[in-house]
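> output the structure for:
(one chain, ligands or ions: 1)
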Amino acid sequence: MHAIGIDIGGTKIAGALVDEEGDILREARVPTPPTAQLIEDAVVAMVTDLAMGEAIEGVGVAAAGFIDAAQSTVYYAPNISWRNEPFQARLAARLHLPIVIDNDANAAGWAEFRFGAGRLVSDMVMLTIGTGVGGAIVTEDRLFRGGFGAGAELGHMRLVPDGHPCGCGQHGCLEQYGSGRALLRFANELADAGGIGQALADRRALTGELTGNDVADLIIAGDGGSLAALRQLGHGLGQGCASLGAILDPQLFVIGGGVAQAGELLLEPIRNAYLEHLPARGYHPEPEFRIAELVNNAGVVGAADLARVAARRTADSAQL
Ligand SMILES: [Zn+2]
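Below you'll find the model as predicted:
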């Protein structure tokens, strides 16, 4: 049977009808409306359209934020005014379908585990490099959520004691050394310093402010300063992965998000920093590092499959 996945982002809501192989059969997309009520209405309308004429096993909704372990209540969402919002119950009452709510990074990680870069392993960690750093952990074929559902916030693991201030209120989080925003900070520091940062300084003088696209263009052109900024980013991520490796011992780290398009240029410094910082190096089996495969669809494909997993768990427990 098919399932529906919905991914509520800061700028758009994406939805898809997804089959058991993770293939998308039908897609929808609308700009994210400004209020929580309008977002709920938009999700209901999208699911109704996608479900037309189909038997639906379940609906999975992914959003940024803290979601409870029962996949039903949004404790807190950074982009939407949800605080302890019983979103699962509200949608179920209107749609009369099995619904689960999950964190967007968890949905993306689950999609990679089931259908993408992680399909051949049992234990993987995914880091999604966007403006911030999203995380997902799969251990022994199961998505790790933590006791309250707010686990795997890998971007807020402390990397540097008393380091750069983070939006979460702490200092020195991985997100401050491994995100798209961190890459821009490194690029601006190199531009300020001159030398290999000269091309970055010239670009900044032309446009007024460096953007992710500016840095990406210069990386593609082989500019030394931009490549140095990318290596700095990889170094931070690799150090974070080493700590995660010591705890979780995954067979695979998957790196996703826009910056991951740099491919091997990013993976190489991550691998090097990982090995440099891995405890008991030489005696510890070494994991693989790979770029995510489901670039744009991971959120909806993962959300749909998480809905299917939940629906089957419910069916199994009803039989017992
Ligand atoms: Zn933080």
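
> just the pLDDT for Gln319.
Predicted confidence (pLDDT) at Gln319: the value is 69.

> do the same with Leu50
With respect to pLDDT, Leu50 has a value of 98.

> wait, isn't Val61 in contact with Ile6?
Yes. The pair Val61 and Ile6 qualifies as a contact (C-beta atoms under 8 Å) at a distance of 4.6 Å. Heads up, the C-betas are built off the backbone N, CA and C, glycines and all.

> those two: who's more crowded?
It is Val61, of Val61 and Ile6, that has more neighbours when counted by other C-beta atoms under 10 Å, with 31 against 28.

> hang on, that one in a helix?
No. When DSSP: H, G, I helix; E, B strand; the rest coil is applied, Val61 is found to be strand, with no helix at that position.

> show me where the stretch 151-300 of the chain has its strands.
252-256, 288-291 (DSSP state E, counting those that start in this stretch).

> could you export those strands as TSV, including mean neighbour count and distance to Gly282?
Formatted as TSV, the entries for these read as follows, by neighbours: other C-beta atoms under 10 Å; distance: least, C-beta to C-beta, whole Å:
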stretch	mean neighbour count	distance to Gly282
strand 252-256	26	19
strand 288-291	19	18
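
> looking at these, which is nearest to the ion?
Comparison of these against the ion by C-beta to the ion identifies strand 252-256 as nearest, at 19.0 Å.

> and the chain, which of its residues are near the ion?
On the criterion C-beta under 5 Å from the ion, the ion has as its neighbours in the chain the residues 156, 166, 168, 170, 173.

> reformat those residues as TSV; add neighbour count.
Formatted as TSV, the residues of the chain next to the ion follow (neighbours: other C-beta atoms under 10 Å):
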residue	neighbour count
His156	19
Cys166	18
Cys168	14
Gln170	13
Cys173	28
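
> now do the helix or strand where Ala45 lies: everything it contacts.
The secondary structure element spanning Ala45 is helix 36-51 (assigned by DSSP states H and E). Applying C-beta atoms under 8 Å, 6 or more residues apart in numbering, the external contacts of helix 36-51 come out as 4, 6, 8, 13, 15-17, 26, 28, 30, 32-33, 59, 61, 80-82, 85, 87, 90-91, 94-95, 97.

> give me the subset of the residues you listed lying in helices.
By the criterion of DSSP state H, membership of the contacts of helix 36-51 in helices covers 87, 90-91, 94-95.

> of the residues you listed, select the buried ones using a PyMOL command.
Applying 16 or more other C-beta atoms under 10 Å to these, the buried members can be selected in PyMOL as follows:
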select buried, resi 87+90+91+95
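
> could you dump the ones in helices among the contacts of helix 36-51 to JSON lines with pLDDT?
Listed next are these as JSON lines, based on pLDDT from 0 to 100:
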{"residue": "Phe87", "pLDDT": "93"}
{"residue": "Arg90", "pLDDT": "94"}
{"residue": "Leu91", "pLDDT": "96"}
{"residue": "Arg94", "pLDDT": "97"}
{"residue": "Leu95", "pLDDT": "96"}
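
> out of the ones in helices among the contacts of helix 36-51, who's nearest Ile196?
Looking at the ones in helices among the contacts of helix 36-51 and their distance to Ile196, the nearest is Phe87, at 48.3 Å (C-beta to C-beta).

> wait, that closest one touches Val61, no?
Yes. When contacts are counted by C-beta under 8 Å, Phe87 is listed as touching Val61 (7.2 Å).

> follow-up on the earlier one: closest one of the ones in helices among the contacts of helix 36-51 to the ion?
Of all those, Phe87 has the smallest distance to the ion: 24.5 Å, by C-beta to the ion.

> nice, that's everything, thank you.
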